Structure formats: structure tokens, C-alpha cells
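Novice: fold the following, please.
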Amino acid sequence: MNLSVDYLVLFAQDIRLMARTRDIFIASGLPMEIFTKEVALLLDIELQLQSDREEMFSEFRDQHIVLTLGTHEMENDREMHFEDYRYHISIRALNIKNEQQRTKWCQEFADTVYKKLKATRKYPLMLVDMSRFLSAK
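Specialist: Numbers count the residues shown, from 1 in each chain. This next block holds a predicted model:
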């Protein structure tokens, strides 16, 4: 049985001013602390607990990539059933001036994360290019 749902939302709108992210939504009943540790171990990264005024999340950052892991408050929209997925991983590239290279770094890292999560066969997944999804509204 394949638990993952492969959604890649692509809209042909000009979004040059928006930061491009790749986002993975994960359905899991695990508590946040345990799920975070599991993801960190799976990806062989160190996730640091962060918080702002509104939420707590975990973050991995290196010279080219930022990955954040937390819950979300997205509502279902059309065929995108965000409410079925408790956790949200957002990935964006940093410190790369060339937009094409920045997009490539982001996509490759997100694809690696997605494939590793999918290979566990533990979680339903949804892969979304949120910057394109949000710009289409």
C-alpha cells in the first residue's frame, strides 16, 4: 500500500518577487517532539527549536538551505486537503544570487527530503510549491 499522495502544484503566474519555497505536508499522529527527532535522524540533520510570537517550530540551516518543521493552520482549498496533514516542512534556498541555481538547490533538497520520508512508508505526504500555489489566489 502506497501512503503518499504526490501533488505538485504548478501555476503559470509571474512570482519573481516571492521567495520560492518547496513545502511538504506530512500526516502523522506522533507528538511534535518525537516527530522532529525522527525527521532529524532520517535526514541526518540537527533541528534546532525556534519560536516567534505565534508559533514554535524546528529549523535546520546551513549556508544554502533553510528547512523549517512545524504545524500549520492552512485550510483546505480546492483539491488541496491541507487539514489532513498535521506537519509542514518548508524548504528555501539562501545566499545564492542566481535565481535558477537557487531554485535548483531548493528543488533538489526538497526532493531528497520527500523521497526519504516517502521511503519510510510511514506517512501520507503532499509536496507543494507554495509560492506558486499562493500566487494563484
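Novice: how about the strands in the protein?
Specialist: Assigned by DSSP state E, the strands in the chain fall at 22-26, 48-51, 56-61, 65-71, 87-93, 125-128.
Novice: any chance of CSV for the ones you listed, columns distance to Leu117?
Specialist: (Each C-beta comes from the backbone N, C-alpha and C, glycine too.) What follows is the strands of the chain, written out as CSV (distance: least, C-beta to C-beta, whole Å):
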stretch, distance to Leu117
strand 22-26, 7
strand 48-51, 20
strand 56-61, 14
strand 65-71, 11
strand 87-93, 8
strand 125-128, 6
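Novice: redo those as CSV? Include distance to Gln101, mean neighbour count and mean pLDDT.
Specialist: Output for these, formatted as CSV (distance: least, C-beta to C-beta, whole Å; neighbours: other C-beta atoms under 10 Å; pLDDT from 0 to 100):
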stretch, distance to Gln101, mean neighbour count, mean pLDDT
strand 22-26, 15, 23, 95
strand 48-51, 26, 11, 90
strand 56-61, 18, 17, 94
strand 65-71, 12, 19, 95
strand 87-93, 8, 23, 95
strand 125-128, 21, 23, 91
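Novice: which of those sits closest to Phe35?
Specialist: Of all the strands of the chain, strand 87-93 sits nearest to Phe35, with 6.2 Å by C-beta to C-beta.
Novice: packing partners of that closest one?
Specialist: strand 22-26, helix 32-43, strand 65-71, helix 99-120 (3 or more C-beta pairs under 8 Å, 6 or more residues apart in numbering; DSSP states H and E).
Novice: of these, which is nearest Tyr87?
Specialist: Tyr87 lies closest to strand 22-26 among the helices and strands packed on strand 87-93, at 4.4 Å (C-beta to C-beta).
Novice: just to revisit the earlier point, looking at the helices and strands packed on strand 87-93, which is buried most?
Specialist: Highest mean neighbour count of those: strand 22-26, a mean of 23 (counted as mean count of other C-beta atoms under 10 Å).
Novice: any residues touching that strand, and which ones?
Specialist: For strand 22-26, contacts defined as C-beta atoms under 8 Å, 6 or more residues apart in numbering pick out 35, 72, 74, 82, 85-92, 106-107, 109-111, 113-114, 117, 123-130.
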